[in-house]
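Colleague: coords below, sequence missing:
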């Protein structure tokens, strides 16, 4: 479908149309295993809009390709998104137009919201704020994360209401708490950590848990380590992958046991990641062989020269 052209409309009307794309939407589907992309570093939002695009054709192709599951998916990554990100603020207007006409239930929809959170430009803020009222938990969560990364102080009140809500889902509350931490309220770490405990990881929706683990990883919350170790053993691929990345990010030496277990994971990419993280955390150079690492762990009680005074404990 060709993109809808809005260049001739006044800016105020553009904002209203874009906000409507997020606020007027069908009911939220049942929770799934989808999760947010790993958040990046926060950015400052300038007051002036970016100049017109000088790379229009490449941006339009990337927006088309991002909708192709073969070129953009959760397992293999999303090169079209990388191209759009490199285009910087030149891609803002085309992305907003695509979001206005696109299907909010499509995976690429939240991929574009994530991109907006990495592109500091004031034109994105009305759309993202409107998405906080969306009926879909994925869109609410991704929008909250994006606003936190952009340090949008005007959304603080709305984010606070979301983080304090007794009725909203785990993903929305956790994402709002994350955004508030990005805005400087570090007390909200405790709100996020409620959903990263061992018991929470064992019982709540997998998609929600994956998002929580990713957010705790981005904030380097070491208190989430026990939850990471439980998630590392989970049967869901995305949750396991998020957990092993979290163990490495917070330098959790007690998570070495779990990483060794993942060397026998049925997914090759997880085996490779676990092996690389083991080498990074321990300084050991054993091959990608679970038996070799188990022998080392038995011989040393998983102790390395870096942590001789802090032996790890086996997880039952």
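Modeller: Received, thanks. Note that the structure is a prediction, hence the values are computed from the model and not measured. Residues are numbered from 1 along each chain as shown.
Colleague: show me where the stretch 51-200 of the chain has helices.
Modeller: Using DSSP state H, counting those that start in this stretch, the helices of the stretch 51-200 of the chain run over residues 56-65, 79-87, 92-101, 107-116, 125-131, 137-149, 156-163, 170-182, 189-193, 198-203.
Colleague: next one: the shortest one to chain centre, how far?
Modeller: Same thing as helix 189-193. 16 Å (CA atoms, centre = their mean, to the nearest Å).
Colleague: show me what the longest helix seen in the chain is packed up against.
Modeller: Ranked by number of residues, the top helix in the chain under DSSP state H is helix 268-282. With contacts taken as 3 or more CB pairs under 8 Å, 6 or more residues apart in numbering; DSSP states H and E, helix 268-282 sits against helix 237-249, helix 256-261. (Each C-beta comes from the backbone N, C-alpha and C, glycine too.)
Colleague: worst average pLDDT in these?
Modeller: When the helices and strands packed on helix 268-282 are compared by mean pLDDT, helix 256-261 comes last with a mean of 94.
Colleague: and the contacts of it?
Modeller: 229, 232-233, 243-244, 247, 274, 277-278, 281-282, 290, 293-294, 297, 302, 312-315 (CB atoms under 8 Å, 6 or more residues apart in numbering).
Colleague: show me what contacts residue 156?
Modeller: By CB under 8 Å, 6+ apart, the neighbours of residue 156 are 180, 183.
Colleague: for residue 235, same thing?
Modeller: Counted by CB under 8 Å, 6+ apart, residue 235 has zero contacts.
Colleague: start the count at 9, not 1, going forward
Modeller: Happy to do that; since the first residue is 9 now, the last one works out to residue 243.
Colleague: quick one: it is in a strand?
Modeller: No. Under DSSP: H, G, I helix; E, B strand; the rest coil, residue 243 falls outside any strand and is assigned coil.
Colleague: circling back to that earlier point, contacts for the helix or strand just after the longest helix of the chain?
Modeller: Following helix 276-290 in sequence order, the next helix or strand is helix 298-308 (DSSP states H and E). Outside helix 298-308, the residues within contact range by CB under 8 Å, 6+ apart are 264, 265, 268, 269, 271, 272, 286, 292, 294, 310.
Colleague: export those residues to CSV and tack on distance to residue 230 and neighbour count?
Modeller: CSV is the format used below for the contacts of helix 298-308 (distance: CB to CB, whole Å; neighbours: other CB atoms under 10 Å):
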residue, distance to residue 230, neighbour count
264, 15, 24
265, 17, 20
268, 21, 22
269, 21, 18
271, 24, 21
272, 27, 13
286, 19, 26
292, 22, 16
294, 26, 18
310, 18, 23
